[in-house]
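**Student:** attaching a predicted model along with its sequence, questions to come.
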Amino acid sequence: MASGSSLLEEELSCPVCSDIFRDPVGLSCSHNVCKACLQQYWEQNEFRDCPVCRRRVSMDSLPPNMSLRNTCEAFLMEKSLKQDLSIREAQETVPETTPMAEEGPSSQNAGNRTGIYECKSQGCICCRHIWAGADAFQSTATGKQYSITEYLTCKTPIVIYIIQCKKCKVQYVGMTSTILQRRFKDHRSSIRKCEHRPISDHFNSDDHSLDDLIIYPIEQVKDSTELHERELYWIRELETITKGLNLVPYKCAREQQLDAGDERPVGSAEGRVQESMECE
């Protein structure tokens, strides 16, 4: 039976991206969707309908659901505090020189090891695609290399991650407030169902398959409130909008964030007409 926390998390998850709601808007059919996810969905479909029930909805009024947004922020804050508490308890009860279990969420409870590791759970589907053993990664757009400074597995929560195509070498930067393993399952399901989403479209295109997908975490974000900011940083740094698989509608949504106070340029996406990865 699912725990109360997992049931609440499910209720607070966007039906499109399966992550905790970000800037949820209420539709006339009473469903709620992340604003950026709705923009992406409408970019990919002819009709302006609800992604859940397919009813036609009005574009004139998309009021933000502030109550739901506040609930989501409180949930993420509580989750972050619990995680910090568990890390502190582990540090107090275990000597620093003692290596922890492979499933540990960060380098803080894995001894001195850093890099990407398998979770060691028997039959883990995500670990078949994870880039285990790496202690650094490279931007396929710029050629620049970056070190992995934490201990990361598919069971690490609140992470920035990369999806990379073995054949095309293109990359996508994503984030999840849950564990990476769960996010991978969402991607795999989308590909297997041939859903009209950029990840699914890419790995269902000619001479491509799920076997060509590599996924790996690159950073655990200790404060969940900074998750979006770190995702945006890596999208810029790795140039995955202009030279990768992150979507242009997502860029437009992020530019609104920049206009509100962050003046760092995102970079031009001129000439890019293909859609990109789902909003995650």
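**Tutor:** All right, it came through fine. Residues are numbered from 1 along each chain as shown.
**Student:** who's in contact with the closest residue to residue 180 other than its chain neighbours?
**Tutor:** Among residues not flanking residue 180 along the chain, residue 154 sits closest, at 4.8 Å (Cβ to Cβ, 6 or more residues apart in numbering). Backbone N, C-alpha and C define where each C-beta goes, glycine included. By Cβ atoms under 8 Å, 6 or more residues apart in numbering, residue 154 lies in contact with 118-119, 124, 126-127, 130, 179-181, 184, 217.
**Student:** now do residue 31
**Tutor:** Residue 31 sits next to 15, 50-53 when contact means Cβ under 8 Å, 6+ apart.
**Student:** recalculate using a threshold of 6 Å.
**Tutor:** Listed by Cβ atoms under 6 Å, 6 or more residues apart in numbering, the contact set of residue 31 reads 50, 52.
**Student:** and the pLDDT at it?
**Tutor:** Note for residue 31: predicted pLDDT of 89.
**Student:** tell me what residue 33 is bridged to.
**Tutor:** Residue 33 has these beta-bridge partners by DSSP bridges: residue 25.
**Student:** that one: how many residues sit nearby?
**Tutor:** Around residue 33 there are 26 other residues, counting by other Cβ atoms under 10 Å.
**Student:** which residues of the stretch 101-250 of the chain fall in helices?
**Tutor:** 180-192, 198-203, 227-238, 248-259 (DSSP state H, counting those that start in this stretch).
**Student:** neighbours around residue 229, how many?
**Tutor:** Residue 229: 13 neighbours (other Cβ under 10 Å).
**Student:** I meant to write residue 143 there.
**Tutor:** Residue 143 has 7 nearby residues by other Cβ under 10 Å.
**Student:** over to residue 63?
**Tutor:** With other Cβ under 10 Å as criterion, residue 63 counts 10.
**Student:** quick one: residues contacting the nearest residue to it once chain neighbours are set aside.
**Tutor:** Once flanking residues are discounted, residue 63 sits nearest to residue 26: 5.5 Å by Cβ to Cβ, 6+ apart. Listed by Cβ under 6 Å, 6+ apart, the contact set of residue 26 reads 32, 63, 65.
**Student:** cutoff 10 Å now
**Tutor:** 32-33, 57, 61-68 (Cβ atoms under 10 Å, 6 or more residues apart in numbering).
**Student:** for residue 148, see how far away it is.
**Tutor:** As defined by Cβ to Cβ, to the nearest Å, residue 26 lies at a distance of 40 Å from residue 148.
**Student:** looks like residue 127 contacts residue 119 (just checking).
**Tutor:** Yes - using Cβ atoms under 10 Å, residue 127 is in contact with residue 119, at 5.9 Å.
**Student:** re earlier: how close does the residue nearest to residue 180 get to residue 53?
**Tutor:** Shown here: residue 154 relative to residue 53, a distance of 33 Å by Cβ to Cβ.
**Student:** what's the burial count for residue 177?
**Tutor:** 23.
**Student:** just list whatever residues bridge to the nearest residue to it once chain neighbours are set aside.
**Tutor:** Distances taken as Cβ to Cβ, 6+ apart place residue 20 nearest to residue 177, at 5.0 Å, with adjacent residues excluded. Residue 20 forms beta bridges with residue 13, as assigned by DSSP bridges.
**Student:** which residues does residue 20 contact?
**Tutor:** Contacts of residue 20 (Cβ under 10 Å, 6+ apart): 9, 12-14, 34, 71-73, 75-76, 79, 176-178, 224, 227.
**Student:** go ahead and build a PyMOL selection from the buried members of these.
**Tutor:** The PyMOL selection below is limited to those of those classed as buried (16 or more other Cβ atoms under 10 Å):
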select buried, resi 9+12+13+14+34+71+72+75+76+79+176+177+178+224+227
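**Student:** tell me the one of the contacts of residue 20 nearest residue 135?
**Tutor:** Ranked by distance to residue 135 (Cβ to Cβ), those are led by residue 176 at 21.8 Å.
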